[in-house]
Every structure is written in structure tokens, then in C-alpha cells.
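Chemist: please work out how this folds:
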Amino acid sequence: MGTVQHLVLFEHITGFGLFRVKEFDEITRNFKAHANAFIKPVAFVHFKSVQEAVENVQAVVDGSLSNLLKQFLRRNVPSSDCVLGVSDEKLGRCILACDFGFECIWFGSVHEVLRVIRQNFSRLTRSLITQPGAALSLSVADEKSRPSTSADEIKPGIIAESRARVVVSLARVRLQLGIKQHLADSGIVKVLTLIDELDANLTRSASRLRACYSIHFPEVCQPHFDKQLCLDDINLLQLIANTPHRSTIISNFSAGIFTYFGDSKLASLIANAAQDSIGSELSEEDCENLQNYAQRLLQMNQVKQRHICSLSRRIINLCPNLHALLHCTLDSHLKPEGQEVSKMEYGLSACLVAARLIANAGSFNRLASMPSTRILSLGASKGLFRKGGAIVATSTGLLSNAAKMLGDSKLSVTADNFQQGTINMSLAQLKVLSANRVQRDTVRCRAARILAAKSTLACRADCFRQHNPILQHYDPVSQQSCVPS
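Modeler: Predicted coordinates:
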């Protein structure tokens, strides 16, 4: 049995290269000499045009073999006593399926060899008769043979220009090849934009309907009469859509017409206020118009809720770790998952916070490439999120979830920018979070930095898990991982 040859297939922007190397494990373990002592070029095939380069690169990314690569492997790789290393598992399995006769591998040491070849490519290919890129450069530039005196002067410029064209073309192709990721990002941004538009229209229309209905029934529309009796937007729309007139409210109270409120005490207060209301009478035509308008707004609100559910599914599929992290840090009273909010303003939820981060970063890949300080500034910006920064809100929820067991001495922490109540924590827990500086802003800022750092790790795990086969079947983060230590 002869000696086994170890070859590596290298993909360059101007063609395919074949290099002979020593044992893969040996070269990665003892790499002290020059690259020429371990790696020798065997053959190189050029791309004749930019179109051919694009087609071959697209075939390699898709995990298939082009005709040029098949002929190159048949001509230069021995059919027996040979091991070929490639960079991608899909490409390796496709080569094995063609049954060339040699073995194909794609494990970690091959990537190290390819990295060394990429760094020393110009020095390794000096021994080749035809330099890589020369044929493609002259064919792309459509230059004929020139005299030796002038060709020597313009040839470096031609090569540089043509290689730049190839790089730009391949960059465009790689962008088109990532169309699945692009569609996922753009779909999230479009759904979020639609939700914002629906929310703005609903809020504006509900405020106008409230102003009109306050002439007939001001007790349920204006908070200065009775804060306990003043209805929110959804309940007011349901009241107008079912029983717009005060006389109908009084007559149908015993029939259980207020079952959609889910609160018998609130229903009795509305019935009592309808008897003693100071509002003016409402004509039948105006009553019918207000009822139809309220029904239309309720239908629009149902459409918005369906889009929010669709956005939540997209976010869970695209970034499950980031969604799980934000879901377990957001407090339960901010936005119950899977439930309809009582106000037109949908508030903060895990899917909406993640969607806004992706939308303002531009794409999920750019968000994953950002440092934690940049994500912290995105989340803390009041111009990007309602009711203060989203990181402020989620860090508030982080503090409340961290307070599982309260001690004897407690401290109330209030999120002023978010205005969503107080959070009671033990003094010892606050000292741990604030590094022995128990101030309200110190605790919230430290929790926000912790959340931003964990959000960065979650984004990178979601975005780049397709490049790591170990993380492809990895479960999202659990709630225990979100409690700061």
C-alpha cells in the first residue's frame, strides 16, 4: 500500500487551487517552519469570466459541484491513496456522492490549513507557471496582447481593476445567496412597521371617538369625573359597539350585557353612572354611526393582534435565544404573553423589543455583530422605544425576577422613566447588583448592562448557529440563566 497523499481544495476569487500538505493533525500541532515547508501547490484552474466565477461560487455555497470543479478534481486528484480536505460539509458530501474514489474530510484541522493557505497564498503560488488571477484579469479587462514595454506598465492596474470587479460581483452573489436571512429580517421590519401604523391610527381614532362619546356619557370617557370608572380604549370600544345609548345600558344591565368586561363591579358602576349621567341625549342616527365606528375599530384591533402573533412567531423562529432572554426578563405585568392588551398602545413584549432592536440595527446580522455597549445604547434610546428605553423596562423586569426570596429589610426601586410601579427586593440582593452602592439609578444601570451583554451573546448564538453544528439543535436559554449573579 502506497503513501497516502493529503490534498486541500482552496477556493479563490479567481479559481480553484489544489495544495499538497503533510498530515493534517501534524501540521496543526507543530507549525513552526515556513508555510512552504508544509504546503506545496499542485494545480490551479482559472475562471475565464466574472459570470463563470459567480456560477462556481454559487454552486459551492449551495453544496453542489460545477462542471469545472468536477473536471479539475478528476484531472488532478488521484483516485486512490488520497485524502481531500474541503471547507464545507455540504461540498464534501457532494464530492463523496460523485464516487471519485478518494476520501473527503472537512473537520477542524482542515480549516486551520485553509487559514494558513489564505494568509500565505501569494507566496505559496509563486512556483506555479501561471499566476492565479492573470488569465481572469486579462479576460475580464478584454485586453489583447500588447507590446512588452506598454504591457508591463498597465498590467498591474488591469489586474487590480479586474480583481476588484470580481470581488464586487461575488459580494453581490453572496448577498443574494443569503436571501432567506434577508427575507426574515425584512419581514420582521415590515410587520413591525405595519403594527406601528395600525397602532397610531387606532390610538388617534379611539381618542376622537372618546371625545365624541363624552358628550353623551362623560363619566366613562373623562378621568376627572371618576378615575375608577373611566374606561380604557378597548373597554370603551366594546361598550360603544354593544350598548352605545345610556338607556340601553340601564335596561340590559340585568340581562348580563357586561359579560365582556369580566368585572361585575365595573359593570355595576357603569350602570349606576348611566342613571345619573350629566351628558346630553344622543339621536338614533348618531348612535348608529358611533356604534359602526367602534365595531370597525375593534376589527382593526383584531387585525393588529394577528400581526403581533405573526411577529412573535417570526421572532421565535429567527432568534429563539434572544426572545427567551427578553421574555423571562420582562415583567409579567408589562405585557402578558399571548393576551390582548387593554390599551391601544401595545406596550413592551419580548417579540416587540427584539423586533425593534433588529429594525434599528438594520439587519439581524448587523445586530449580532454589534458590541454590547451599542446594544445598550439602542435599548436605552427614548427615540426608539415608547415609555422610555426598552432596556430600562427589561432591566426593571430583570430586577423583579431576581427578587425571588425577599429578606427582612427591603428597598423599593421605582423605574421613573418607565412608570410601571415598584419593585421590592432585599437589601442584600441590591448590594450584589449595585456592587455595594445601593442607589436606584446604579442598580438599574448595572442591570441594564448585564442584560445588554446577555442580549449580545444571545444574538450571536442565534445568528451564527448555522455555522456551528453543535448549536443547531441547542435549546434556547432558560429562565435561570437570566438571573444576574
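
Chemist: from here on, just use CA atoms for contacts and neighbour counts.
Modeler: Fine.

Chemist: so where is the stretch 251-400 of the chain shaky, pLDDT-wise?
Modeler: 252-263, 330-348, 379-400 (pLDDT under 70).

Chemist: sorry, that was for the stretch 1-150 of the chain
Modeler: For the stretch 1-150 of the chain (pLDDT under 70), the answer is 1-2, 23-37, 127-150.

Chemist: strands along that one, start to end?
Modeler: Remark: strands assigned in the stretch 1-150 of the chain by DSSP state E, counting those that start in this stretch are 5-12, 15-21, 39-46, 82-85, 103-105.

Chemist: which of those sits closest to residue 316?
Modeler: Smallest distance to residue 316 across the strands of the stretch 1-150 of the chain (Cα to Cα): 34.2 Å, for strand 103-105.

Chemist: the closest one pairs with which strands, parallel or anti?
Modeler: strand 82-85 (parallel) (DSSP bridges).

Chemist: quick one: contacts of the strand it pairs with?
Modeler: The contact list for strand 82-85, computed with Cα atoms under 8 Å, 6 or more residues apart in numbering, reads 4, 5, 6, 7, 8, 9, 102, 103, 104, 105, 106, 110.

Chemist: so what's the third one bridging to?
Modeler: By that I understand residue 6. Here residue 6, judged by DSSP bridges, has bridge partners residue 21, residue 83.

Chemist: how many other residues sit next to it?
Modeler: Neighbour count for residue 6, taken as other Cα atoms under 10 Å: 19.

Chemist: swap in the fourth one?
Modeler: Neighbour count of residue 7, defined by other Cα under 10 Å: 26.

Chemist: and the one 4 residues further on, by the same measure?
Modeler: The local packing of residue 11 (other Cα under 10 Å) involves 17 other residues.

Chemist: so it touches residue 17, yeah?
Modeler: Yes - using Cα atoms under 8 Å, residue 11 is in contact with residue 17, at 6.4 Å.

Chemist: I'd like the strands of the stretch 1-150 of the chain as JSON lines, with distance to residue 363 appended.
Modeler: Formatted as JSON lines, the strands of the stretch 1-150 of the chain follow (distance: least, Cα to Cα, whole Å):
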{"stretch": "strand 5-12", "distance to residue 363": "28"}
{"stretch": "strand 15-21", "distance to residue 363": "31"}
{"stretch": "strand 39-46", "distance to residue 363": "35"}
{"stretch": "strand 82-85", "distance to residue 363": "33"}
{"stretch": "strand 103-105", "distance to residue 363": "34"}
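
Chemist: nearest to residue 289, out of the ones you listed?
Modeler: Closest to residue 289 of those is strand 5-12 (Cα to Cα; 69.2 Å).

Chemist: contact partners of the closest one?
Modeler: With Cα under 8 Å, 6+ apart, strand 5-12 has contacts from 16-24, 81-87, 110, 114, 117.

Chemist: filter those residues down to the buried ones, PyMOL style.
Modeler: A single PyMOL command is used to select the members of the contacts of strand 5-12 judged buried by 16 or more other Cα atoms under 10 Å:
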select buried, resi 16+17+18+19+20+21+22+23+24+82+83+84+85+86+87+110+114+117
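
Chemist: which of the three states applies to residue 447?
Modeler: Following DSSP: H, G, I helix; E, B strand; the rest coil, residue 447 is assigned to helix.

Chemist: neighbours of it, just the number please.
Modeler: A total of 24 residues lie near residue 447 under the criterion other Cα under 10 Å.

Chemist: can you tell me how far it is from residue 329?
Modeler: 11 Å (Cα to Cα, to the nearest Å).

Chemist: do residue 264 as well
Modeler: Distance from residue 264 to residue 329, by Cα to Cα: 33 Å.

Chemist: same drill for those two, tell me which one is more crowded.
Modeler: Between residue 264 and residue 329, counted using other Cα under 10 Å, the more crowded position is residue 329 (24 against 13).

Chemist: distance of that one from residue 352?
Modeler: On the measure of Cα to Cα, residue 329 and residue 352 end up 14 Å apart.

Chemist: do residue 58 as well
Modeler: From residue 58 to residue 352 the distance is 35 Å (Cα to Cα).

Chemist: so the two - more neighbours on which side?
Modeler: Neighbours were counted for residue 58 and for residue 352 using other Cα under 10 Å; residue 352 has more, 23 against 19.

Chemist: helix, strand, or coil at the more buried one?
Modeler: Per three-state DSSP, residue 352 ends up helix.

Chemist: quick one: which of the strands of the stretch 1-150 of the chain is nearest residue 206?
Modeler: strand 5-12 (60.4 Å).

Chemist: just the angle between the closest one and strand 39-46, please?
Modeler: Here the directions of strand 5-12 and strand 39-46 differ by 50 degrees (axes from the mean of the first three to the mean of the last three Cα atoms, to 10 degrees).

Chemist: kindly export strand 5-12 (C-alpha atoms) in PDB.
Modeler: Taking Å, rounded to 0.1, in the frame of the first residue of the first chain, the C-alpha atoms of strand 5-12 are listed here in PDB:
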ATOM      1  CA  GLN A   5      -1.500  11.900  -0.100                       C
ATOM      2  CA  HIS A   6      -3.200  14.800   1.700                       C
ATOM      3  CA  LEU A   7      -4.600  17.400  -0.500                       C
ATOM      4  CA  VAL A   8      -6.700  20.500   0.200                       C
ATOM      5  CA  LEU A   9      -9.100  22.200  -2.100                       C
ATOM      6  CA  PHE A  10      -8.900  26.000  -1.800                       C
ATOM      7  CA  GLU A  11     -11.500  28.400  -3.300                       C
ATOM      8  CA  HIS A  12     -10.100  31.600  -4.500                       C
END
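
Chemist: that one to strand 15-21, inter-axis angle?
Modeler: Using the same axes, to 10 degrees: strand 5-12 against strand 15-21 is 150 degrees.
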